[in-house]
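Enquirer: Structure for the following, please:
(2 chains)
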Amino acid sequence: MRDKITTSLRLYSILIYIFLYFPIALVVLFSFNSGNYAADMQGFSFRWYGETWRDPFVLEALRNSVFIAATSATLATVFGTFAALALQNVRGWLRTLYDGLIYIAIIIPGIVIGIATLIFFVQFFGWLNPWLQILFGPSAPKFNLGLPTVIAAHTLFTMSIVLVIVRSRIAGMDRSLIEASNDLYATPFNTFWQVTLPQLLPAIMAGFLLAFTFSFDDFIVAFFVAGPNTTLPIYVFSSIRRGVTPKINAIATVTLIMSLGFLFIVQYLLTRSNASAKKDGE
Amino acid sequence: MKQSALDIDVEFRNVVKTFGTITAVDKVNFQIPKGSFYSFLGPSGCGKTSSLRLIGGFEQPDSGEILIAGESVAYIPPYQRHVNMVFQHYALFPHMDVASNVGYGLRQQRPRISPDEISKQVKDALALVRLSGYEKRRSWELSGGQQQRVALARALVNKPTVLLLDEPLAALDRKLRKDMQVELKTLQREVGITFVFVTHDQEEALSMSDRIAVMRDGKIVQEGSPTDLYRQPLDRYVAGFIGQSNFISGEVVEAGDQVKIKTQRAVILQAPKSKVAKTLAVGDKAVVAIRPERINLRNQNEAGSDGFAGKVAQITFLGDQTEYHVETEQVGRLLVRMNSGYAGYASGDPVIVYWNQDAGLALLDD
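Expert: Predicted coordinates:
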């Protein structure tokens, strides 16, 4: 009886995994199609990878995506890390408030962030631009939706992710290391550079890579605030309307491999950092 | 005993430190002589670690004054105090090798010390703790005892005025702990630096210290040399904490240098008063404390001085010595420790327990 239940449960979970990953496997498989149609496998070739690489529109979108992801992840890492460091001394209701706001920023749907930031930027620029005209004349700079607005929106939600990761590392860190550094004549600034930062580095790196991945993969928020610019997910979305070609599969496969690779490094960094935190605490 | 300010490395004047509603250090006064091995001894929560952290600058006193080498250190942060600490779990920096750990304090000095000079001093410090050649090792590659020595070298290389040790031997196994006790004491003699040692282990404190402060509930109960504390404890608490003792409780019926105490069984026992204790008054609750090695046994049919009849209830063989738990009608259960050579008693044997009148000590009960 028990064996039967185990077997059927196992079968059930296998079906779930097939349901989840079969479409993804198909995308990868068809990206190597030598034919012209996405769902009609003609033979194995790297043809579409080559075509993708030569497509100036794809390259432009890729450049934008990498630039946005790198910049927003860097900003998010700096802000998130400093916020985590500052929050370690905050207690009581203020802490609860901050924690709540951080988790809200993580769980809030992308579409809400997209709409909210779009409305904010449009309103803000609509108010700011006339003032700039008045102050600096007709040659004054004009703010519009573009790559900087995507970077700002991405920084907004990836910052929380960095904060949560770095904060858990701070909580697991051995406080006596900081006291030891203090005891050995290091000023607070030197203690931060020589002890705190090296101890937090794996978590900071992991936070950066996660932030990069989230930004690189994001379609919804970017779609709202990118203005006339195209990121890779936006390019994919708009080309699908003209039919799925094996080229899309090739782009998707590359994105998939990149994301998985980053997540793998993140996992490695975090396991290692937790293991060493455990070791310190012994 | 009054000493000039120059001979005192650390002094507390009415120091108070509270954490919330708990008073960890309660109006504590003491002076630690230069070049001595000074221990704070007491159970956990008695304020010994807080006292050490106050010296190190990790805590600030609520009131009172702390002097290091004759100067007040109020509001001076840890990194400006010429004091170093060996932490309970060593707190070696895991992202640095042994040499970088030991040289850490020297690298913070301004004006800068040349790298050659630093590596020379690191080498000397490692030689001092017998870890030459371990420069490139990582802390997690070392055993507990080796980590302990790296932590010592990291502190001593700075030649501090005072070295603070926060239960550094607690994490080591018994055999290693014994070896390290001897090593620490030797090291202290060699470098001549004042060591302030915190421990809950009376044996550790007795074997290493020049002076011991026994603490309880944030206060120093008694301070003195190990022999003073062992021979002339102030009260029942100190006598119970330092070494083992039998306590026979009762009420003082005759006070003076020789005290007579009437036990619950109406037996009158006479014992000298502890020299450091306050005078006992008639009617006070008191105990007669007798060390197990000061009590003797003999067979009931043997003649001898007065004693109390009893039965051997339990025997613990310790090798060179044997412990007998003797159940007596008049003074309760007593622990007697004798050299194994004399020991010929079996469990259940009827015996007489007896001791010299000056073997006991009359102490205030608490």
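Enquirer: State the number of residues packed around the residue in the stretch 201-350 of chain B positioned nearest to chain A.
Expert: In the stretch 201-350 of chain B, the residue that lies nearest chain A is B:Asp201 (20.5 Å; C-beta to the nearest C-beta). Every residue, glycine included, has its C-beta placed from N, CA and C. B:Asp201 is flanked by 15 other residues according to other C-beta atoms under 10 Å in any protein chain shown.
Enquirer: and it, what does it touch?
Expert: Contacts for B:Asp201 (C-beta atoms under 8 Å, 6 or more residues apart in numbering or on different chains) come out as B:Leu169, B:Ala170.
Enquirer: all helices of the stretch 51-200 of chain B, in order?
Expert: B:98-107, B:115-128, B:144-156, B:174-191 (DSSP state H, counting those that start in this stretch).
Enquirer: Buried residues in the longest one, which are they?
Expert: Within helix B:174-191, the residues that qualify as buried by neighbour count (16 or more other C-beta atoms under 10 Å in any protein chain shown) are B:Leu176, B:Arg177, B:Met180, B:Gln181, B:Glu183, B:Leu184, B:Lys185, B:Leu187, B:Gln188.
Enquirer: Take those and write them to JSON lines, including distance to chain A and pLDDT.
Expert: Below are those laid out as JSON lines (distance: C-beta to the nearest C-beta, whole Å; pLDDT from 0 to 100):
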{"residue": "B:Leu176", "distance to chain A": "16", "pLDDT": "86"}
{"residue": "B:Arg177", "distance to chain A": "17", "pLDDT": "88"}
{"residue": "B:Met180", "distance to chain A": "18", "pLDDT": "88"}
{"residue": "B:Gln181", "distance to chain A": "23", "pLDDT": "91"}
{"residue": "B:Glu183", "distance to chain A": "21", "pLDDT": "89"}
{"residue": "B:Leu184", "distance to chain A": "19", "pLDDT": "91"}
{"residue": "B:Lys185", "distance to chain A": "23", "pLDDT": "92"}
{"residue": "B:Leu187", "distance to chain A": "19", "pLDDT": "92"}
{"residue": "B:Gln188", "distance to chain A": "19", "pLDDT": "94"}
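Enquirer: B:Asn14 belongs to a strand?
Expert: Yes. Counting by DSSP: H, G, I helix; E, B strand; the rest coil, B:Asn14 falls inside a strand.
Enquirer: nearest residue to it other than its sequence neighbours?
Expert: For B:Asn14, ignoring the flanking residues on the chain, the nearest one in space by C-beta to C-beta, 6 or more residues apart in numbering or on different chains is B:Gly64 at 4.1 Å.
Enquirer: In chain B, where is pLDDT below threshold?
Expert: B:1-6, B:342-343 (pLDDT under 70).
Enquirer: returning to what we had before: and the residue nearest to B:Asn14, how many neighbours?
Expert: 17.
Enquirer: which regions of chain A sit below the pLDDT cut-off?
Expert: For chain A, the ranges with pLDDT under 70 are A:1, A:38, A:273-282.
Enquirer: The same query, at a cut-off of 50, please.
Expert: Chain A contains residues with pLDDT under 50 at A:280-282.
Enquirer: the helices in it, which residues?
Expert: Along chain A, the stretches classed as helices by DSSP state H are A:2-30, A:47-54, A:56-87, A:93-107, A:110-136, A:147-172, A:175-183, A:188-191, A:197-217, A:220-225, A:232-240, A:246-281.
Enquirer: So which of those helices is nearest B:Ser305?
Expert: helix A:175-183 (57.1 Å; C-beta to C-beta).
Enquirer: Which residues belonging to the closest one are considered buried?
Expert: A:Ser176, A:Leu177, A:Ile178, A:Glu179, A:Ala180, A:Ser181, A:Asn182, A:Asp183.
Enquirer: got a list of what the third one touches?
Expert: A:Ile178 is in contact with A:Thr191, A:Val195, A:Thr196, counting by C-beta under 8 Å, 6+ apart.
Enquirer: How about the first one?
Expert: By C-beta under 8 Å, 6+ apart, the contact list for A:Ser176 reads B:Phe87, B:Gln88, B:His89, B:Ala91.
Enquirer: one more time with 7 Å, if that's ok
Expert: B:Phe87, B:His89, B:Ala91 (C-beta atoms under 7 Å, 6 or more residues apart in numbering or on different chains).
Enquirer: from the middle of its chain, how far away would stretch A:92-111 be?
Expert: 18 Å (C-alpha atoms, centre = their mean, to the nearest Å).
Enquirer: Could you do stretch B:170-183 as well?
Expert: 15 Å.
Enquirer: now stretch B:340-359
Expert: 30 Å.
Enquirer: swap in stretch A:178-192?
Expert: Distance, centroid of stretch A:178-192 to centroid of chain: 34 Å (C-alpha atoms, centre = their mean).
Enquirer: ok, now stretch B:52-67?
Expert: 21 Å.
Enquirer: how about the nearest residue to B:Val150, chain neighbours excluded?
Expert: B:Val98 (5.5 Å).
Enquirer: I figured that neighbour hits B:Ala151, correct?
Expert: No. Judged on C-beta atoms under 7 Å, B:Val98 makes no contact with B:Ala151 at a distance of 10.6 Å.
Enquirer: coming back round to it: looking at the contacts of A:Ile178, spot the one nearest B:Gly144.
Expert: The closest of these, once distances to B:Gly144 are taken by C-beta to C-beta, is A:Val195, at 22.0 Å.
Enquirer: so what's the residue nearest to the closest one when sequence neighbours are not counted up against?
Expert: Closest residue to A:Val195 apart from its sequence neighbours, by C-beta to C-beta, 6+ apart: A:Ser181 at 4.5 Å. Neighbour list for A:Ser181: A:Thr191, A:Gln194, A:Val195 [criterion: C-beta under 7 Å, 6+ apart].
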